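1. The sequence and its predicted three-dimensional model are supplied below.
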Amino acid sequence: MSYIPGQPVTAVVQRIEICKLRQGEHLILGFSIGGGIDQDPGQNPYSEDKSDKGIYVTRITPKGPAGVAGLKTGDKIMQVNGWDMTMVTHDQARKRLTKKNEDVVRLLVTRRSLEDAVKHSMSGYPKQ
Amino acid sequence: MDTESTHSGYSFHSSRSGRSNRHGERSRERHKASSSKDSSRSERSVVINPPDTPSQNSPVQNGEPLPGEPAPPTPEHGEDAQDDNWGETTTAVTGTSELSLSQEEVVGLRKSPEDRVRQCRRYLPLVLGLCMGLLVLATPLAFLVLPAMLWPDRLQACGTACEGLFLSISFKLLILLLAVWALFLRPAPAGLPRVCVYRAFLTTLTLLLTMSYWLFYGVRILDAQDEDYHGIAQFSVSLVDSLLFVHYLAVVLLELRQLQPCYSVCVIRSTDGETRHYNMGQLSIQRAALSILEFYYRDFPLHNPALLSASKHRTAKQMAGLKVYNVDAFKNRLRTYLLDSSAPGNTAGAQPPNGNQSRAMVAAAAKRRDSTHNELYYEEADHERRIRKRRARLVVAVEEAFTHVRRMKKEDERASPSDIMDVREAALAIFPSMARALQKYLRATRRQHCHSMESIQKHLAFCLVNNMSPKAFLEAYLAPGPTLQYGPERWMADQWTLVSEASVTSGLKEGADILLRCLDFSLAVTVKGIPFIQMSEEFVDPKSHKFTLLLQSETSV
């Protein structure tokens, strides 16, 4: 999940679709985010590379929409509804997730276990 | 060994003539190696280890011969007969030289020549300084007065400039005399083994200067009967100026040079390991030893021999009752016995009971050694607890005693005169209530010999006069104070010997370790240099201090 500046980022992602839940006059998703290019990356407990300034999922309400949809803590959000989340400030990320006119957010998230699973499955094939 | 009498080549009086050498030796009552005055001094020390008898210390301390001893010029057989080796290892200089005295004469004059010699040595620098001062005062005045006395008619009249020179001479002489008084006219603080090199050099320089001026004066002015009085006056002024410069040199060499610290010395007392560190400048070894001793009297707690006997008892108990068996010799004997003897039944009986015994004893000794530290631990814990209990009782007693007495106020003046006491009576009145607790505490910490009853009462009176709290009164007894605080009879350290491998007038150098020995203990001094510090600078613009805030905020969506 580390990146080299100037090179395209490749990651194995999972598509997660979350329907927002209406609570009073707010639409909530049921998770908390941390990170951003204006934040201190060293304090992120979920990132492998401590210079990674991406947006990470820090908490999930278990029965909330995100938990139900399959989001896990420690996931790094790569895209929200097509908008990139790898190089955004914390506030921009929040805004993109809480647009009032959208009921559904489609996230592309990546986590370590996805990469490992792909690696394992690929190493099973003999080299040809 | 704990008590050793050792003398190296430089005894206390070695720099003086043989006369004082003899007296100094007689006062010590011990054997000495012959004192050598050669420049390359290597340390030769002779160790005589008499057995542990504490009574040996007292006769030597007072310097008085034991009663019933043979005449001191001959060696004392009574004390050292037990040490068989001393005859081979000592070179004794006995007093039987051209002057042989009977015992009564020796005892009679033992104290007085030593005292006289000591007084002479103490005031010799003062006398020398006075003589030099008088010489320095008299010479320029003599230069001015002699032409006026010897050929007054041919002398040119003294003009204005000449009389101005008189004024300048008088003030410079006054300043010079004050400076000489300030620097040189003091009784010597200590008697050092050798003459201070700088002082000798300065004295020589002054004498040389004065003599050369006199020579010039005698040849050119007295013989030629010069008439130019102005020139003579200028000559005298130049002498006084030169003397003032020599005095400046004296200030720099004697006082200023050793102010900047160059070496760090570590002083360790041999008996209980008290350690202190001091910074010293560039001094000769004997001056450095002197200042170390002055620091010793100020900083080191009083030497207490009663505290040292515990470890000796422990080791004595450990070693007592252990016998060493030579098992190999016994085995050989047994083997020969077994091989020689034809009866097999004897072998069982001849199994070495001694071998088993010795093995058992060794094991028992090992076990005892293991239990000694146990004993030490519990004994120390008990001792600590006892001291703390007694201390608590003492503190309570003293506080209670202090509540009974207070300073007289205005309204008490109308009280009956029998209640009004002065300080001594007040101290005597409250002393008995705390005396017992104080005595027991001092006995527990083994310091009862340091404080007499009068001294305690005096201290109590002092504390009452100065409105001190009970805790302030007690501090003097809870911890051993510096050596100087107690009277000279308790110091157990008044005559010191400097033992050094380098010459004592050479400068202090790194690694020039010296030993300062007195009768009961010694101070080991190690010298290390203060490192050369290379400092560089870095300029920081005060406007360059800028900060950013790094957050990790969490937003719930």
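-> Thanks, I have it.

2. Tell me which residue in chain A sits closest to chain B.
-> Residue of chain A nearest chain B, by CB to the nearest CB: A:Asp40 (3.5 Å). Any C-beta I mention is one placed from the backbone N, CA and C, and that applies to glycine too.

3. That residue: how many residues sit nearby?
-> Applying other CB atoms under 10 Å in any protein chain shown, we find 16 residues neighbouring A:Asp40.

4. Of all residues in the stretch 451-557 of chain B, which one is closest to chain A?
-> B:Leu550 (3.5 Å).

5. Skipping adjacent residues, who's closest to the residue of chain A closest to chain B in space?
-> Nearest-residue entry for A:Asp40: B:Leu550, 3.5 Å, with adjacent residues in sequence omitted and distances by CB to CB, 6 or more residues apart in numbering or on different chains.

6. that's a strand at that neighbour, yeah?
-> No: secondary structure of B:Leu550 (DSSP: H, G, I helix; E, B strand; the rest coil): coil, not part of a strand.

7. Any idea how many residues pack against it?
-> A count of nearby residues for B:Leu550, using other CB under 10 Å, gives 11.

8. Just the CA atoms of the longest helix along chain A, as CSV, please.
-> Secondary structure of chain A read by DSSP state H shows that its longest helix is helix A:112-123. Below are the C-alpha coordinates for helix A:112-123, written out as CSV (Å, rounded to 0.1, in the frame of the first residue of the first chain):
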residue,chain,number,x,y,z
ARG,A,112,-3.8,-6.0,3.6
SER,A,113,-5.7,-9.2,3.6
LEU,A,114,-6.8,-8.6,0.0
GLU,A,115,-3.3,-8.3,-1.2
ASP,A,116,-2.3,-11.4,0.7
ALA,A,117,-5.1,-13.4,-0.7
VAL,A,118,-4.2,-12.5,-4.2
LYS,A,119,-0.6,-13.3,-3.6
HIS,A,120,-1.4,-16.7,-2.2
SER,A,121,-3.7,-17.5,-5.0
MET,A,122,-1.1,-16.4,-7.6
SER,A,123,1.7,-18.3,-6.0
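
9. got the contact list for that helix?
-> A:Met1, A:Ala11, A:Val12, A:Val13, A:Gln14, A:Glu48, A:Gly74 (CB atoms under 8 Å, 6 or more residues apart in numbering or on different chains).

10. Now, of the residues you listed, which are buried?
-> Those of the contacts of helix A:112-123 that meet the buried threshold are A:Met1, A:Ala11, A:Val13, A:Gln14, A:Gly74, by 16 or more other CB atoms under 10 Å in any protein chain shown.

11. Get me the contact residues on chain A for chain B.
-> A:28-29, A:31-35, A:39-40, A:42-44, A:58-59, A:90, A:94, A:97-98 (CB under 8 Å from any CB of the partner chain).

12. show me where the chain has strands.
-> I went with chain A, as the question did not name one. With strands called from DSSP state E, chain A shows them at A:14-19, A:21-23, A:26-28, A:31-34, A:55-60, A:76-80, A:83-84, A:104-110.

13. try again with chain B
-> B:5-7, B:46-48, B:263-269, B:275-280, B:497-500, B:514-517, B:522-529, B:554-556.

14. Local confidence estimate at residue 6?
-> Since no chain was named, I'll use chain A. We have a pLDDT of 83 for A:Gly6.

15. not what I meant, chain B
-> Note on B:Thr6: pLDDT of 41.

16. how far is stretch B:182-193 from where the chain is centred?
-> 16 Å (CA atoms, centre = their mean, to the nearest Å).

17. List the contacts of the residue nearest to A:Asp40.
-> By CB under 8 Å, 6+ apart, the neighbours of B:Leu550 are A:Gln39, A:Asp40, A:Gly42, A:Gln43.

18. Most neighbours among these, which one?
-> Counting by other CB under 10 Å, top hit in the contacts of B:Leu550: A:Gln39 with 19 neighbours.

19. quick one: that one and B:Leu549 touch, right?
-> No: taking contacts as CB atoms under 8 Å, A:Gln39 lies outside contact range of B:Leu549: 10.3 Å.

20. quick revisit: for B:Asp115, which of the strands of chain B is the nearest?
-> Among the strands of chain B, strand B:497-500 comes nearest to B:Asp115, with 19.6 Å by CB to CB.

21. tell me what the closest one is packed against?
-> On a contact count with 3 or more CB pairs under 8 Å, 6 or more residues apart in numbering or on different chains; DSSP states H and E, strand B:497-500 meets helix B:285-299, strand B:514-517.

22. Show me what counts as buried in the longest one.
-> The one in question is helix B:285-299. Burial within helix B:285-299, assessed by neighbour count using 16+ other CB under 10 Å, is assigned to B:Ile285, B:Gln286, B:Arg287, B:Ala288, B:Ala289, B:Leu290, B:Ser291, B:Ile292, B:Leu293, B:Phe295, B:Tyr296.

23. Just the angle for it relative to strand B:522-529, thanks.
-> 120 degrees (axes from the mean of the first three to the mean of the last three CA atoms, to 10 degrees).

24. what's in contact with helix B:285-299?
-> Under CB under 8 Å, 6+ apart, the answer for helix B:285-299 is B:189-190, B:192-194, B:196, B:258, B:265, B:267, B:276, B:278, B:280, B:283, B:482-484, B:491, B:496, B:498, B:500, B:502-508, B:512, B:514, B:516, B:523, B:525.

25. I'd like to check the angle between it and strand B:263-269, please.
-> Angle of helix B:285-299 versus strand B:263-269, following the same axes, to 10 degrees, is 60 degrees.

26. Now do the contacts for A:Ala11.
-> Counted by CB under 8 Å, 6+ apart, A:Ala11 has contacts A:Met1, A:Lys76, A:Met78, A:Thr110, A:Glu115.

27. Point out where chain B drops to low pLDDT.
-> In the prediction, chain B carries residues with pLDDT under 70 at positions B:1-114, B:310-312, B:314-315, B:317-325, B:341-362, B:364-370, B:412, B:415-417, B:491-493.

28. Flag the shaky bits of chain A, pLDDT-wise.
-> A:1-3, A:125-128.
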